[in-house]
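>>> Test case, fold it:
(6 chains, ligands or ions: 12)
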Protein chains: 6
Amino acid sequence: MFHKPEMMDALSDYASARYVIFGVPFDGTSSYRSGSRWAPDAMRKASANFETYNAYFDVDYEDLMIHDAGNLEHYSTVDQTLEELTLAVEPIVADGKIPIMLGGEHSLTLPCVKACARYSDEKIGFVVLDAHFDLREEYGGVKYNHACVSKHVLNEVTDRYVTIGVRSGPKEEWVFARENNIRYYTPDDVRKKGIRKVLEEIIDYLGCSKIYLSLDMDALDPAYAPGLGTPEPFGLSDIEVREVIHRLAPMCVGFDIVEIAPEYDNGQSALLGTKLLREFIAAHAASERQH
Amino acid sequence: MFHKPEMMDALSDYASARYVIFGVPFDGTSSYRSGSRWAPDAMRKASANFETYNAYFDVDYEDLMIHDAGNLEHYSTVDQTLEELTLAVEPIVADGKIPIMLGGEHSLTLPCVKACARYSDEKIGFVVLDAHFDLREEYGGVKYNHACVSKHVLNEVTDRYVTIGVRSGPKEEWVFARENNIRYYTPDDVRKKGIRKVLEEIIDYLGCSKIYLSLDMDALDPAYAPGLGTPEPFGLSDIEVREVIHRLAPMCVGFDIVEIAPEYDNGQSALLGTKLLREFIAAHAASERQH
Amino acid sequence: MFHKPEMMDALSDYASARYVIFGVPFDGTSSYRSGSRWAPDAMRKASANFETYNAYFDVDYEDLMIHDAGNLEHYSTVDQTLEELTLAVEPIVADGKIPIMLGGEHSLTLPCVKACARYSDEKIGFVVLDAHFDLREEYGGVKYNHACVSKHVLNEVTDRYVTIGVRSGPKEEWVFARENNIRYYTPDDVRKKGIRKVLEEIIDYLGCSKIYLSLDMDALDPAYAPGLGTPEPFGLSDIEVREVIHRLAPMCVGFDIVEIAPEYDNGQSALLGTKLLREFIAAHAASERQH
Amino acid sequence: MFHKPEMMDALSDYASARYVIFGVPFDGTSSYRSGSRWAPDAMRKASANFETYNAYFDVDYEDLMIHDAGNLEHYSTVDQTLEELTLAVEPIVADGKIPIMLGGEHSLTLPCVKACARYSDEKIGFVVLDAHFDLREEYGGVKYNHACVSKHVLNEVTDRYVTIGVRSGPKEEWVFARENNIRYYTPDDVRKKGIRKVLEEIIDYLGCSKIYLSLDMDALDPAYAPGLGTPEPFGLSDIEVREVIHRLAPMCVGFDIVEIAPEYDNGQSALLGTKLLREFIAAHAASERQH
Amino acid sequence: MFHKPEMMDALSDYASARYVIFGVPFDGTSSYRSGSRWAPDAMRKASANFETYNAYFDVDYEDLMIHDAGNLEHYSTVDQTLEELTLAVEPIVADGKIPIMLGGEHSLTLPCVKACARYSDEKIGFVVLDAHFDLREEYGGVKYNHACVSKHVLNEVTDRYVTIGVRSGPKEEWVFARENNIRYYTPDDVRKKGIRKVLEEIIDYLGCSKIYLSLDMDALDPAYAPGLGTPEPFGLSDIEVREVIHRLAPMCVGFDIVEIAPEYDNGQSALLGTKLLREFIAAHAASERQH
Amino acid sequence: MFHKPEMMDALSDYASARYVIFGVPFDGTSSYRSGSRWAPDAMRKASANFETYNAYFDVDYEDLMIHDAGNLEHYSTVDQTLEELTLAVEPIVADGKIPIMLGGEHSLTLPCVKACARYSDEKIGFVVLDAHFDLREEYGGVKYNHACVSKHVLNEVTDRYVTIGVRSGPKEEWVFARENNIRYYTPDDVRKKGIRKVLEEIIDYLGCSKIYLSLDMDALDPAYAPGLGTPEPFGLSDIEVREVIHRLAPMCVGFDIVEIAPEYDNGQSALLGTKLLREFIAAHAASERQH
Ligand SMILES: [Mn+2]
Ligand SMILES: [Mn+2]
Ligand SMILES: [Mn+2]
Ligand SMILES: [Mn+2]
Ligand SMILES: [Mn+2]
Ligand SMILES: [Mn+2]
Ligand SMILES: [Mn+2]
Ligand SMILES: [Mn+2]
Ligand SMILES: [Mn+2]
Ligand SMILES: [Mn+2]
Ligand SMILES: [Mn+2]
Ligand SMILES: [Mn+2]
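Ligands and ions are numbered 1, 2, ... in the order given. You can find the predicted model right below:
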């Protein structure tokens, strides 16, 4: 009769869950516009807009084991937040569940990838959709700034790394990427090759069966997602990002959506982010059904 | 010297009018976000942004016989609203004019289609642009909910029915559609086949010369129309919808635009809806000129 | 570590709770602007802005037994919503707890007052803060419209009825109020007499020790609460309303805050409403401590 | 059945009307924020929020003869706008009706005052509520700038002039006011003396039985009216302005409300402006009834 | 340590500058929505969102000689504004620098083109991206209205004129364009031919090596730029406009971006406009580097 | 001809300046809503709304020596920001000028007070207008959190400390205040005693001739300033705060306005803050003139 303001269709308790959704309302290192702290609850609100059924995968979300764990407590510093997030996400992975993190800023991805890597029986790949390289060692004296997350994954977790949608970064990042044979695809690359071809190249390149997928929403063009911390024109289309999720979700051991800043639009970005989250779950669940 | 806040270029009185525009500011059954009650006046405001001339059809709106009848009174329940709307729209059709209804929510389409069907000398077709099937028998105990309008048209008016842009619905609707050979085109279908091919298939399938066209604005992708009651990602483009209108308007005996919720953007959706309204009128008028 | 997006300081489970907060996201009969469906979650979001301590009453909310039951399911019609709300609120009152309802629209007050009256050992009073009389028998053919709630309380629950802040209504309501000796105080009355004098008159007039207090936020001047369904200028000040709550809370067996429409400001009304909710709880708890 | 988007309760045709409301959507000389061009339609929209009855004066607006003439056509320059407005307002006054102009910017007041003066059998007074003196001869090379309207009334119409709420102006205006014995009341003066005392002084000072009242909404404090072109802190309260209108309306031969910029709030200023418009009409109508 | 709120990376003083950016916060002739007066500062704010490096051209903006001269003083009439702008822009061109004007409305382009033409050793071309023809001789009695700028350039500066993105205008403008062999490309033309083919045709047609490029942001589809004075559906994509800038910038002796109205979105249009400004500078600088 | 987007009337260069205004766009420790990073530029934009003359003090701002130094660079951590701010503000004080800091968050006040204390020949007082005590030793592990600024001033600078407007804090702060004889005035105290009486008590209590005044805008009621990081109902009125500034400015050696979050209203808070800034300067300048 009463229900908590949770993600729609997250009807499972933790114990039975296959997918554990949780929010991390932290945006303390945001450089341009902050506000991704409000994204997890905005996405819960957005979820009520959608039907429970995904026709493409013939999946009804109500039949899946989805748990919404709520939000991580708010901590004042990025260091403490990452520490607490590590403690929070590890048990989820240890319990064999798929963690789905709703940021908050991109720095929050690191503990999630790490946890997934630790409990994987093989080296995992890391695929990130992002307008930015996020390959700095530190930014403004802050190591775990949101502009550095990919570098730390590279350093601390895995070198099976691909980024899609990248179109912005200081010269150092572009040089670093080229000199270190970082595999990246700009939106122009995607438009030229087609996203399906790109995805086949990526799977080939990674050569692994398990990946962590991180969706920094600014990978998308601001026409589709104007409510962001650092919107960057000339981005990916909604369909291209959906294609990435459809193709890679079956390989995923973890997933996140970060950097939505809901104060900067009227629900548009949170609605699209939530829809993409649902596409991820449906694609993943459909693949497990087939086995 | 003074002028009423009417739709621009609606210079005709009722008696001389070929096109009778009227608003129905009702959104009482809206399930997610309400606010389409404000759409008719928002579209009148938007109309002042546009030029009086349509170059594609070489039509000047000031030369056409367009009448803006104003808004239907506000009634508290959907049942009474539909009843009063029936009384209001029937004389317009009976007088041989083209009714153009500005919603308000999608449930308002039913009395308009009915009126058009009643005064037609042949069975009319019903083409609806919508992200949703709207094929429920009832929703939440309310028969004439906005989520059921297509079902009621099927039941009560005509089975010459096609829906374009559909991408959302409970499993029951998808199953019903397939089992009853409902002709529908998702945006992915449209992207694959091309909208022109789709339109030829539709005209062929319907096999009639008169149709009623209903534009639920959520058929469009939220990038083009973010101010909606139930925005659904991965939708049709503005150009695809314009193509539908250009092709079908000449066959139309009635038209409506529904589900714009102007409080959720800064005019973007009302401006596009109003532009599409003008494309409809120009396309229809150009076709009559040719005869 | 994780926490649900609940009202801050609502740390108690249902069984131990003294105060049970619940939201009812329904605004289906709203006549001018709708949107109070979003108020319960907006108030939860607002609650994080406040400290856990109320210095005036020397009360720490964390020490109180407050439970947030979540939101009532959404039903499509006012009749069904009131029916389900009745089923939901009765057990709370039966269990000896104080129900605190967050609307949604004002029609939702009726089942709450009724439940409180049913389980009271004496006839309760009903005090309502409102810009409007809400004394119509029905509105637009809808009996349980939000513009009729006080009439139904009068008819069905109690004639110990006072309204504060009223300044708007059709002539019939003003005549009815006068002819039936309805005790009402306009904001002008309050400004002239002073709110403390008014409150003593009210307590005297009611002659009962138990009341239900309903706060239609439009009692307040729009300078304090611009985000409302039907904002009415020349209203009560924040301090006057706080005074009412401080004085009457100790006598209250139930409380609600209704008619906030959060889409029409940037948090201002939800923040004030939430603050007044907290003043209610502190005032009530302080009075129980003293016994 | 259908109704035009007019001011609520404006049920009279022109011929029978006692009050003729018209909008002038012009803001071409606005110096800081423009947007008052949208105010007339925003006020029409706001009017639907209010009841038809004014209890203070026991007046039902539906019983009065109110006509909404619509909006003046849009002209590109202030000079042409004033010229056309002159042509539009003169017949209204000549026909013995009360013109009520909804701006648009303050420069539009001049032709209205002039028309009222021309058709008056005695020299009329001019009372203006404004945060600004508007006593410049010209501003930026534009004679009929909105910052000059009071000077032109002084020069061209009447020296029976009082301004209330003034608190902003270049030194020259303050000096001019003092040296020319301009009667002005700052909000601090009003707070000290009380608005009733101020009003008696004004009536005494003017020594005439007919006045034109102009309400530049920035006379009000931005807490009550944030949606303005040039908001100025430390202003009049809603109650003080209402008091002015109640007291002076019976003497008025014309009235206007100008400088609301609706894009800068969520209806708050248009709602208050519309309410004050209704207070004006009720106060005026009640006084005529008494004769 | 302190820095002025200037365009990011505008590190050069005037004397050393190759690119001189300046704002003109004037929108006095805006016909539908005004507000482009706020665009220059909104673009400065937006610039902080971007990286200093352009990877496509391998250009670091910090290495370029970019000067931000600030904003032109505000003048009340378009005539005086154009006069003062003429005085302001001429020295910039005379000093051999590239003027980059941030409007403000489109009428401001004329003095900039004129100045560039005057100091060119050959007849320059004028390429304008715009949804509108802007080919009226005057609009509403105002010669230098923003709807007339292209006509005045044709009359007073150069007949080497091409417009891209045009899709709106009164019949007279379309007829004038056809009868005078004006070279124009609608967005539909661009979609059909491809923007690269269009650009080759244009360069061929103009037959000159120096052009002035004016970007009226309404050339873009409102999905990419909703915050405009006169948004027009069915426009150019962000990529198409970027392509125009990349191709033509090397030939440019002047550039402007006009008609952004930042109050009508949450930064989306100012961010895209600023990004396109940066693409212009990088493309131009890269071409000079190659010589 | 061109002018930088500076604070209006800040016509002086640094060397000649008596008042040095600078912004610090940092909000990294904001706990509820962030966004005060945008306040300095929002206040510059707001300043253009006001006249250059202050009639109460007969002061023309253009005659004063006001310098706008721009904004401090953005640093990522509060520690580095405070360090750099110390380096930036010290020379201003050392040069005998009055520093006026525009936050950003309240933590930024500390280096400013410190600098003023260091260069004062007597122990200075610290008067802060704030809804919150800000008396925590640290918050969330962050010493220099914005919720701790008053404690650090007490610890590190001066015990001549008074806070006005306080109405929110954890129990510990209220206990600490009482046990340490902290002098504080709640808005209720101010309403009871009158602000003038309160100010005489404060001056008496402090017993010093030099003070630093810090205005956390949340001291004001949200009706006057809704755009804040942590808005708290039941606050001070605009007039009360103006009174504080008028009375204390002559004693001030430094001043700041912090915690405005401009994204949460349409200019209302930035306009009021800027007006209060101008009242400060006028009051201070008038007092110096008198000597
Ligand atoms: Mn990222
Ligand atoms: Mn990114
Ligand atoms: Mn529909
Ligand atoms: Mn739909
Ligand atoms: Mn009510
Ligand atoms: Mn009410
Ligand atoms: Mn004025
Ligand atoms: Mn004014
Ligand atoms: Mn143009
Ligand atoms: Mn244009
Ligand atoms: Mn503080
Ligand atoms: Mn504070």
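>>> Now for the closest residue to residue A:84 other than its chain neighbours: which residues touch it?
Ranked by C-beta to C-beta, 6 or more residues apart in numbering or on different chains and with sequence neighbours excluded, the top spatial neighbour of residue A:84 is residue A:75, at 5.8 Å. Every C-beta, even on glycine, is put in place using the N, C-alpha and C of the backbone. Contact analysis of residue A:75 by C-beta atoms under 8 Å, 6 or more residues apart in numbering or on different chains lists A:26, A:81, A:84, F:140-141.
>>> Looking at these, spot the one nearest ligand 10.
Here the nearest of the contacts of residue A:75 to ligand 10, counting by C-beta to the ion, is residue A:26; it sits at 42.3 Å.
>>> Wait, the closest one touches residue A:78, no?
Yes. At 7.3 Å, residue A:26 and residue A:78 qualify as touching, with contact defined as C-beta atoms under 8 Å.
>>> what about these two, which has more around it?
The neighbour comparison of residue A:26 against residue A:78 (other C-beta atoms under 10 Å in any protein chain shown) goes to residue A:26, with 29 against 22.
>>> Just to be sure, that one is in a strand?
No. Read with DSSP: H, G, I helix; E, B strand; the rest coil, residue A:26 is coil and lies in no strand.
>>> All the strands of the stretch 1-150 of chain A, in order from the start?
Along the stretch 1-150 of chain A, counting by DSSP state E, counting those that start in this stretch, strands occupy A:2-3, A:19-24, A:53-54, A:59-60, A:66-72, A:98-103, A:125-129.
>>> which stretches of chain A have low pLDDT?
Applying pLDDT under 70 to chain A flags the ranges A:290-291.
>>> which residues of the stretch 101-250 of chain A fall in helices?
Listed in chain order, the helices of the stretch 101-250 of chain A (DSSP state H, counting those that start in this stretch) span A:109-118, A:149-156, A:171-179, A:187-193, A:195-206, A:238-248.
>>> I'd like the strands of the stretch 1-150 of chain A as JSON lines, with mean neighbour count and distance to residue F:89 appended.
JSON lines is the format used below for the strands of the stretch 1-150 of chain A (neighbours: other C-beta atoms under 10 Å in any protein chain shown; distance: least, C-beta to C-beta, whole Å):
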{"stretch": "strand A:2-3", "mean neighbour count": "14", "distance to residue F:89": "52"}
{"stretch": "strand A:19-24", "mean neighbour count": "26", "distance to residue F:89": "35"}
{"stretch": "strand A:53-54", "mean neighbour count": "22", "distance to residue F:89": "57"}
{"stretch": "strand A:59-60", "mean neighbour count": "18", "distance to residue F:89": "60"}
{"stretch": "strand A:66-72", "mean neighbour count": "24", "distance to residue F:89": "37"}
{"stretch": "strand A:98-103", "mean neighbour count": "27", "distance to residue F:89": "35"}
{"stretch": "strand A:125-129", "mean neighbour count": "26", "distance to residue F:89": "41"}
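>>> Against residue A:254, how distant is residue A:280?
11 Å (C-beta to C-beta, to the nearest Å).
>>> out of these two, which sits in the more crowded spot?
Between residue A:280 and residue A:254, residue A:254 has the larger neighbour count (other C-beta under 10 Å), namely 28 against 25.
>>> and the closest residue to ligand 5 within the stretch 151-291 of chain A, helix, strand or coil?
Nearest to ligand 5 in the stretch 151-291 of chain A, going by C-beta to the ion, is residue A:266, at a distance of 27.3 Å. Three-state assignment for residue A:266 (three-state DSSP): coil.
>>> hang on, isn't it packed against residue B:226?
Yes. Using C-beta under 8 Å, residue A:266 makes contact with residue B:226 at a distance of 6.3 Å.
>>> what do these two both touch?
B:264-265.
>>> one step back: in contact with the residue of the stretch 151-291 of chain A closest to ligand 5, which residues?
By C-beta under 8 Å, 6+ apart, the contact set of residue A:266 is B:226-227, B:264-265.
>>> out of those residues, which is most surrounded?
For those, counting by other C-beta under 10 Å, the largest number of neighbours falls to residue B:227: 31 neighbours.
>>> Show me the one of the helices of the stretch 101-250 of chain A that comes nearest ligand 8.
Closest to ligand 8 of those, according to C-beta to the ion: helix A:238-248, at 46.6 Å.
>>> close to chain B, is that closest one?
Yes. Counting by C-beta under 8 Å from any C-beta of the partner chain, chain B has neighbours in helix A:238-248: A:238-239, A:242.
>>> rewinding a little: would you list the phi and psi of the residue nearest to residue A:84?
Backbone torsions for residue A:75, taken as degrees, to the nearest 10, come to phi -120, psi 150.
>>> any idea how far the closest residue to ligand 2 within the stretch 1-150 of chain A is from chain B?
Closest to ligand 2 within the stretch 1-150 of chain A is residue A:132: 3.8 Å, counting by C-beta to the ion. Distance of residue A:132 to chain B, given as C-beta to the nearest C-beta, to the nearest Å: 21 Å.
>>> What separation do you get for the residue lying closest to that residue once chain neighbours are set aside and residue E:242?
Take residue A:132 and drop its neighbours on the chain: the residue closest to it by C-beta to C-beta, 6+ apart is residue A:168, 5.1 Å away. Distance, residue A:168 to residue E:242, using C-beta to C-beta: 14 Å.
>>> so what's the residue in the stretch 101-250 of chain A that ligand 10 sits nearest to up against?
Distances between the stretch 101-250 of chain A and ligand 10 by C-beta to the ion are smallest at residue A:223, namely 19.0 Å. Shown in contact with residue A:223 (C-beta under 8 Å, 6+ apart): B:223, E:223-224, E:238.
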